[in-house]
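[1] Predicted model follows, preceded by the sequence.
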Amino acid sequence: MTGNILVIGALGQVGSELVENLRFKYGESNVVAADIKEEGTGGIYEKLDILDKDALRVIVDTYAIKNIFNLVALLSATAEKHVDYAWQLSMDGHFNVLNLAKDGIIEKIFWPSSIAVFGPTTPKHNTPQDTVMDPNTVYGIAKQAGERWNEYYFNRYGVDVRSIRYPGLIGWKSLPGGGTTDYAVDIFHQAKKTNSYECFLHADATLPMMMMEDAVRATMDIMEAPVNQIKVRSSYNLAADSFSPAQLAEEIKSQKEGFTISYAPDERDAIASSWPQSIDDTNAREDWGWKHTYGTKELVTEMLAHI
Ligand code: VAH
């Protein structure tokens with residue numbers, strides 16, 4: 001990437017790790033973090049509501065921004081409680097950034113999609129890049145619409161927007177908020193505190209998951225890839241390992257003696273059941289060299305070592 005970088009949603013689960021890595025690679029002074037909160041966590045920070053396009057433009061002009069990572073969204077479980085705002089935040093926020101590129105003010109955009117774009121009739125195993133997509137959550141519907149606009153803005157206006165369908169993301173440096181896959185982070189915090197965990201999904205709720213380090217590396221790699229390698233302009237499937245709560249618990253038990261799990265499924269269990277169990281990410285591996293480095297065992301070792 002050439003030119004300065006703006007990360008919007010910089011205080012979130014992905015944003016906080018992404019900013020740290022971007023600043024390490026591109027220099028502290030070339031990466032601006034922005035979020036809705038008054039205060040950041042170090043480095044150049046701007047309070048920004050992505051729905052305020054004038055305020056966004058002031059930041060872009062002030063810091064000569066050429067690349068925007070737009071990570072702003074209400075995650076799946078929270079979005080169900082704030083339907084209108086979740087849709088507005090995702091879609092109007094996306095348009096505010098897309099139109100900066102359409103107008104030639106910025107050069108490149110990263111916008112995250114999710115496995116939430118898939119729905120109950122999507123093939124559950126080794127879900128293809130192109131397949132049936134009938135999301136039944138606000139979050140998934142917004143991500144599906146956003147993917148369609150990615151492709152439209154690329155084809156119609158030549159906007160270089162790049163996207164990845166994140167699986168459930170697991171990291172120790174930041175906390176998730178309001179997601180269905182958050183159990184896979186919460187479990188480690190509870191394992192440390194009480195050596196036990198009550199899971200809000202059922203035991204066999206298998207989902208595609210990924211270590212945050214892999215997800216952040218993929219996010220930076222897709223933005224660095226030569227433009228002719230980006231052949232999917234909606235959003236790329238991306239995967240590492242898939243596991244169920246029971247399988248994750250077994251791996252934790254094998255590394256932390258005496259750990260126990262119990263199950264009390266709540267409304268998030270139905271969301272998890274609507275998503276795929278495993279993902280075919282051949283396109284990302286072939287087009288821009290994606291490969292994961294953390295399997296389930298390595299993920300558990302890393303999380304137990306740091307939390
Ligand atoms: C969520 N962590 O649970 C997010 C993610 C695939 C799940 O999009 O909503």
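    Structure received. Residues are numbered from 1 along each chain as shown.

[2] what sits against residue 162?
    108, 109, 110, 111, 222, 223, 225, 230 (C-beta atoms under 8 Å, 6 or more residues apart in numbering). Using the backbone N, CA and C atoms, a C-beta is placed for each residue, glycine as well.

[3] Pick out the one among those residues with the largest number of neighbours.
    Counting neighbours by other C-beta atoms under 10 Å, residue 111 comes out on top of those with 25 neighbours.

[4] tell me the phi and psi of whatever residue of the stretch 201-307 of the chain ends up closest to the ligand?
    Going by C-beta to the nearest ligand atom, the ligand is nearest to residue 275 of the stretch 201-307 of the chain, at 6.6 Å. Taking degrees, to the nearest 10, you get phi -100, psi 160 for the backbone angles of residue 275.

[5] mind listing the helices for this structure?
    13-26, 53-62, 76-79, 83-102, 138-157, 183-194, 212-224, 245-255, 267-273, 282-288, 296-306 (DSSP state H).

[6] among these, which is the most enclosed?
    helix 76-79 (a mean of 22; mean count of other C-beta atoms under 10 Å).

[7] what's next to that helix, contact-wise?
    With C-beta under 8 Å, 6+ apart as the test, helix 76-79 has contacts from 73, 86, 114, 116, 137-140, 142, 177-180, 182, 267-268, 271.

[8] surely residue 7 meets residue 34?
    Yes. With contact defined as C-beta atoms under 8 Å, residue 7 counts as touching residue 34 (6.8 Å).

[9] ok, back up a step: out of the helices of the chain, which comes closest to residue 129?
    Nearest of the helices of the chain to residue 129, taken as C-beta to C-beta: helix 282-288 at 4.8 Å.

[10] which residues sit against stretch 40-59?
    Under C-beta under 8 Å, 6+ apart, the answer for stretch 40-59 is 6, 8-11, 16, 19, 23, 28-29, 31-39, 63, 65, 70, 72, 88-89, 92-93, 96-97, 99-100, 105.

[11] Between residue 7 and residue 34, point out the one with more neighbours.
    Neighbour count, other C-beta under 10 Å: between residue 7 and residue 34, residue 34 has more, with 29 against 25.

[12] Okay, and the beta partners of that one?
    residue 8, residue 46 (DSSP bridges).

[13] Just to check, it is in contact with residue 15?
    No. In this structure, residue 34 is not within contact of residue 15 by C-beta under 8 Å, at 9.2 Å.

[14] Any figure for the gap between the closest residue in space to residue 160 that isn't next to it in sequence and the ligand?
    Distances taken as C-beta to C-beta, 6 or more residues apart in numbering place residue 108 nearest to residue 160, at 4.9 Å, with adjacent residues excluded. Taking C-beta to the nearest ligand atom, to the nearest Å as the measure, residue 108 falls 23 Å from the ligand.

[15] wait, residue 108 sits on residue 154?
    No. Judged on C-beta under 8 Å, residue 108 makes no contact with residue 154 at a distance of 11.5 Å.

[16] tell me, what's touching those two both at once?
    Shared contacts of residue 108 and residue 154 (C-beta under 8 Å, 6+ apart): 160, 161.

[17] Tell me the confidence at residue 177?
    Looking at residue 177, its pLDDT reads 87.

[18] Enumerate every residue touching it.
    Applying C-beta under 8 Å, 6+ apart, we find residue 177 in contact with 12, 13, 75, 78.

[19] Just give the closest residue to the residue of the stretch 201-307 of the chain closest to the ligand, not the sequence neighbours.
    Counting by C-beta to C-beta, 6+ apart, residue 115 is the residue found nearest to residue 275 once chain neighbours are left out, at 5.4 Å.

[20] so who does residue 110 touch?
    Contact analysis of residue 110 by C-beta under 8 Å, 6+ apart lists 67, 68, 69, 70, 161, 162, 163, 219, 222, 223.
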